[in-house]
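*Asks:* Predicted model follows, preceded by the sequence.
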Amino acid sequence: METGQKTIQKKTRIERTSNIKLSIHISLNGLSFCIIDLISREIDFLRKYSLPKNSTPKELLKTLKKGFKENNALNNKFSSVKIIHYNNLSTIVPEALFDKNNALSYLKFNSKIFQNDYVAYDKIFNNECVNVYIPYVNINNYIFKKFNSFVYNHYSSIILEKVKLNEKNKTTPSLYLNINDNHMELTLFLKNKLMFYNRFDFATKEDVIYYLLFTIDQLKLNPEEIPVVITGNISEDNDNYKIIYKYVRNVSIFNSEINHDSKFYNSLKSDITLLNSF
């Protein structure tokens with residue numbers, strides 16, 4: 001996703017490996033490091049770290065530093081480094097209504113924010129919309145010092161761009177359900193226009209099916225007909241999948257374009273956020 005990326009770069013010439021890229025996915029529940037070879041479409045390295053509930057950005061930074069210390073592969077030179085910020089401090093604004101000088105004000109209606117919070121934004125859908133969000137500034141500062149240059153986005157920007165691309169030439173819509181460890185996102189495009197996007201926090205599989213069926217009902221969709229495409233942390237033997245399959249007739253799991261020979265294929269094949277973050 002080139003549009004709307006923010007690149008932070010020092011004026012220092014660094015020799016880099018041309019086709020090896022690093023993405024780091026950051027949330028208060030944990031983080032992951034992923035290295036991909038863009039020529040072979042192989043995931044060369046994947047390492048995840050979990051954090052206890054209610055962790056802080058300070059604890060997150062400590063875990064990030066631990067990851068670099070423990071894994072030599074992360075201290076190589078990369079053609080690019082990208083940070084993906086995961087939190088619920090974001091909102092979508094039509095570009096025509098967006099004023100960057102008042103960017104923080106868009107978040108106050110659905111997020112707990114403070115006046116001194118740093119606000120960032122991704123321009124998405126060829127600048128049709130703006131995704132306004134609060135990044136983890138301490139993480140950005142550390143990566144800036146370490147790599148001199150990096151790009152960052154909010155994870156929902158990647159989901160929205162990828163879903164729109166998937167739906168571009170379809171005559172009938174699909175409802176996309178992205179599942180993480182404790183939150184889920186539902187997205188619907190109709191005739192290439194974003195009709196619905198929302199995030200829901202969940203604790204049980206019953207929460208998952210409740211929010212899914214509630215959304216289907218609110219959008220006046222038919223659970224017997226609407227195709228539901230599931231992405232993220234999901235498989236057919238997963239409890240979340242089983243309960244969805246019980247109540248929704250047309251269910252499928254998204255399969256990525258990652259090389260099937262990759263040793264990480266089974267754990268990543270449906271993770272559109274990670275695999276489209278390079």
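*Replies:* Looks like it arrived, so ask away.
*Asks:* Every contact and neighbour count from this point should use C-alpha atoms.
*Replies:* Noted.
*Asks:* so how many other residues sit close to residue 89?
*Replies:* 18 (other C-alpha atoms under 10 Å).
*Asks:* and what of the one 5 residues further on?
*Replies:* Around residue 94 sit 13 other residues, with neighbours defined as other C-alpha under 10 Å.
*Asks:* Give me the neighbour count for the closest residue to it other than its chain neighbours.
*Replies:* Counting by C-alpha to C-alpha, 6 or more residues apart in numbering, residue 94 lies nearest to residue 129, which is 4.4 Å off, once chain neighbours are set aside. When neighbours are defined as other C-alpha under 10 Å, residue 129 has 18 of them.
*Asks:* Wait, residue 129 touches residue 93, no?
*Replies:* Yes: look at residue 129 against residue 93 with C-alpha atoms under 8 Å: they come within range, at 5.7 Å.
*Asks:* name the element residue 185 belongs to?
*Replies:* strand 183-190 (DSSP states H and E).
*Asks:* middle-most residue in this protein, spatially?
*Replies:* The residue lying closest to the centre of the chain (C-alpha atoms, centre = their mean) is residue 155, at 2.7 Å.
*Asks:* residue ranges of the strands in the stretch 151-278 of the chain, please?
*Replies:* 175-179, 183-190, 193-201, 228-232, 251-253 (DSSP state E, counting those that start in this stretch).
*Asks:* what packs against the last one?
*Replies:* So the one you mean is strand 251-253. strand 228-232 (3 or more C-alpha pairs under 8 Å, 6 or more residues apart in numbering; DSSP states H and E).
*Asks:* One more: the second one?
*Replies:* Contacts of strand 183-190 with other secondary structure elements, assessed using 3+ C-alpha pairs under 8 Å, 6+ apart, are made with helix 155-167, strand 175-179, strand 193-201.
*Asks:* Name the residues of the longest one that are buried.
*Replies:* Translated: helix 155-167. 155-164, 167 (16 or more other C-alpha atoms under 10 Å).
*Asks:* so for it, what's the average pLDDT?
*Replies:* When pLDDT is averaged along helix 155-167, the result is 94.
*Asks:* now it against strand 193-201, angle please.
*Replies:* Orientation of helix 155-167 against strand 193-201 (axes from the mean of the first three to the mean of the last three C-alpha atoms, to 10 degrees) gives an angle of 140 degrees.
*Asks:* returning to that earlier point: next, the contact list for the residue nearest to residue 94, please.
*Replies:* 92-95, 123 (C-alpha atoms under 8 Å, 6 or more residues apart in numbering).
*Asks:* Write the ChimeraX selection for whichever of those are buried.
*Replies:* Burial among the contacts of residue 129 is assessed by 16+ other C-alpha under 10 Å; the matching ChimeraX selection reads:
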select :92,93,123
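*Asks:* Looking at the contacts of residue 129, which one is closest to residue 179?
*Replies:* Set against residue 179, the nearest of those by C-alpha to C-alpha is residue 92 (19.7 Å).
*Asks:* tell me the pLDDT at the closest one?
*Replies:* 95.
*Asks:* Kindly state the beta-bridge partners for the residue nearest to it when sequence neighbours are not counted.
*Replies:* Of all residues beyond its chain neighbours, the one nearest residue 92 is residue 131 (4.6 Å), with distances taken as C-alpha to C-alpha, 6+ apart. Beta-bridge partners for residue 131, by DSSP bridges, are residue 92, residue 122.
*Asks:* and residue 131, what is it in contact with?
*Replies:* Contacts of residue 131 by C-alpha under 8 Å, 6+ apart are 90-93, 121-124, 154, 157.
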